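In: Sequence and predicted structure below; questions after.
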Amino acid sequence: MAAAPHHLLYEFAKAALIKIFAFPYATVCDMYCNGGADTEKWADAQAGRYIGIDASASAVSSDDRELWENKWKPFTTEFIELNPSADDFEAQLQEKGIQADIVCCMQNLQLCFESEEHAKKLLNNVSSLLKPGGYFFGIIPDSSTIWTKYQKNVEASHNKGLKVVPNSIRSDNYTITFEIEEEKFPFFGKKYQLKFANEAMVENHCLVHFPSLMRLAREAGLEYVEIQNLTEFYDDNRTQFAPMLGSCGANLVDPRGKLIARSYDILGLYSTFVFQKPDPDAIPPVVTPDPDEEQERLWRQQAAADDLRRPQSEVIPIDPDQKGILGPGPADMRLN
C-alpha cells in the first residue's frame with residue numbers, strides 16, 4: 001500500500017533537514033526518537049554515533065540494536081529511556097560523557113508545550129547535551145498558520161451572527177479540532193487533534209508559542225537562528241530537494257518542481273526550527289541575528305500575540321512586514 005501524502009512530505013522534510021545539518025562522524029542525539037525511526041537517514045549522512053532518547057526507548061529490542069550496529073548501520077547506536085521534557089539529563093547522563101554535535105527533535109517537541117515547566121526542561125536538557133557550536137533543530141507545528149486559519153473561522157462565524165465559537169479547521173487534506181472552544185491563544189497548553197483525510201489515527205498536539213520557545217531557549221543558553229514554514233523552506237531549497245519529492249512515486253510537485261496545492265496545504269502546517277549553542281572560542285563568532293534586533297522582533301511578535309487576548313475592536317493593526325502573529329507561516333496566511 002502506497003504511503004499517504006502527509007507521510008511522504010514529512011519524511012521528505014526530515015531527510016532534507018538532516019542533509020543540510022549533518023556531517024561525517026557527527027555525534028547525534030535524537031529526542032523522542034520513536035525507536036530509531038530515522039537511523040537510516042543518519043546513516044546516509046555518515047553520522048558517527050547515534051543516541052536515541054525516548055520515554056519508551058526500552059521497546060527497541062536487543063536484536064534490532066545489534067542489527068543496526070553490526071550490519072547495515074555504519075555507526076554506533078545507543079538508546080536511552082528518558083523523558084526529554086520531564087527527566088534531568090545532566091544528572092543522569094553525566095557518567096556517560098555524552099556531548100552531541102547535533103540534537104534534533106523531528107516530532108513531539110510540541111507536546112512539551114503543555115506547560116512552561118516541561119518546555120523549559122526539554123530546552124535545558126538540549127543545552128546540557130550540545131557541544132559549543134552545536135545545533136538543535138527539528139520540525140514543529142506552524143502555530144501561526146494553524147491559529148490564523150482558526151481565527152478566520154471564528155471571524156466568519158461572528159459575521160454570520162452565530163453565538164457559538166467553532167472549535168475546528170477543515171480542509172480537503174485534514175481536520176484540526178481544538179480541545180477547548182476559545183478565541184484566545186494561551187502561551188502553553190493549547191491542545192488540538194489533527195486527523196488527516198482517509199486515516200483513522202488521530203494525532204494529539206499542542207500549539208507552540210514561538211516567542212515563548214525563543215525566550216526559553218535563550219534562557220537555556222541557546223541562540224535563535226531561524227523558524228521557517230516548511231513551504232518556504234522547500235522553496236528556498238527547491239533546486240536541491242525537488243528531485244527528492246519527485247522520486248517519491250506520488251503526485252506531490254508539478255513538472256517544474258513546485259508544490260501542488262495539496263502538498264502546499266499539508267507542508268504549511270509545519271515549521272522548521274534551528275537554534276545553536278554559542279561557542280565562545282569560535283573566531284569569528286557564528287552568525288546569528290543581532291541581539292537588539294532579535295529582542296525587538298520577539299517583543300513585536302509577543303505584542304501581536306497578546307492582541308488576540310483583547311476584544312477585536314481594541315486590536316492594533318499588525319505591521320504588514322511582520323510574518324504572522326506567532327512566527328513565519330506561509331505567505332498567504334500572514335496577517336496584514
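Out: Yep, it's here.
In: Would you check the distance separating stretch 266-282 from the middle of the chain?
Out: When C-alpha coordinates are averaged (C-alpha atoms, centre = their mean, to the nearest Å), stretch 266-282 and its chain have centres 9 Å apart.
In: so how far is the first residue of that stretch from its last?
Out: According to C-alpha to C-alpha, to the nearest Å, stretch 266-282 extends 39 Å from its N-terminal end residue to its C-terminal end residue.
In: do stretch 96-103 as well
Out: One end of stretch 96-103 to the other measures 16 Å (C-alpha to C-alpha).
In: Just the buried residues of that stretch, please?
Out: Buried residues in stretch 96-103, defined by neighbour count with 16 or more other C-beta atoms under 10 Å: 98, 100-103. Every residue, glycine included, has its C-beta placed from N, CA and C.
In: before we move on, what about stretch 164-174?
Out: Using 16+ other C-beta under 10 Å as the test for burial, stretch 164-174 gives 167, 169, 173-174.
In: Same check on stretch 17-24?
Out: Of the residues in stretch 17-24, those buried under the neighbour-count criterion (16+ other C-beta under 10 Å) are 17-18, 20-22.
In: any idea which of the residues you listed is closest to Ser157?
Out: The shortest gap between Ser157 and any of those belongs to Leu17, at 37.2 Å (C-beta to C-beta).
In: Is that closest one in a helix, a strand, or coil?
Out: Remark: Leu17 carries the secondary structure label helix [criterion: DSSP: H, G, I helix; E, B strand; the rest coil].
In: Distance check, it against Tyr135.
Out: 10 Å (C-beta to C-beta, to the nearest Å).
In: for Leu259, same thing?
Out: With the distance defined as C-beta to C-beta, Leu259 ends up 26 Å from Tyr135.
In: Summarise which helices and strands the top strand by length along the chain is packed against.
Out: Longest strand in the chain by number of residues, with DSSP state E as the criterion: strand 130-141. Judged by 3 or more C-beta pairs under 8 Å, 6 or more residues apart in numbering; DSSP states H and E, the packing partners of strand 130-141 are helix 5-21, strand 100-105, strand 270-276.
In: Direction included, what does it pair up with?
Out: Paired neighbours of strand 130-141 in the sheet (DSSP bridges): strand 100-105 (parallel), strand 270-276 (antiparallel).
In: Which residues does the last one contact?
Out: Translated: strand 270-276. Contacts to strand 270-276, defined as C-beta atoms under 8 Å, 6 or more residues apart in numbering, come from residues 10, 13, 17, 109, 126, 133-142, 213, 217, 222-230, 233, 286, 288, 327-328.
In: domain ranges for the protein?
Out: The chain breaks down into these structural domains: 5-141+207-333, 145-196 (assignment by automatic domain parsing).
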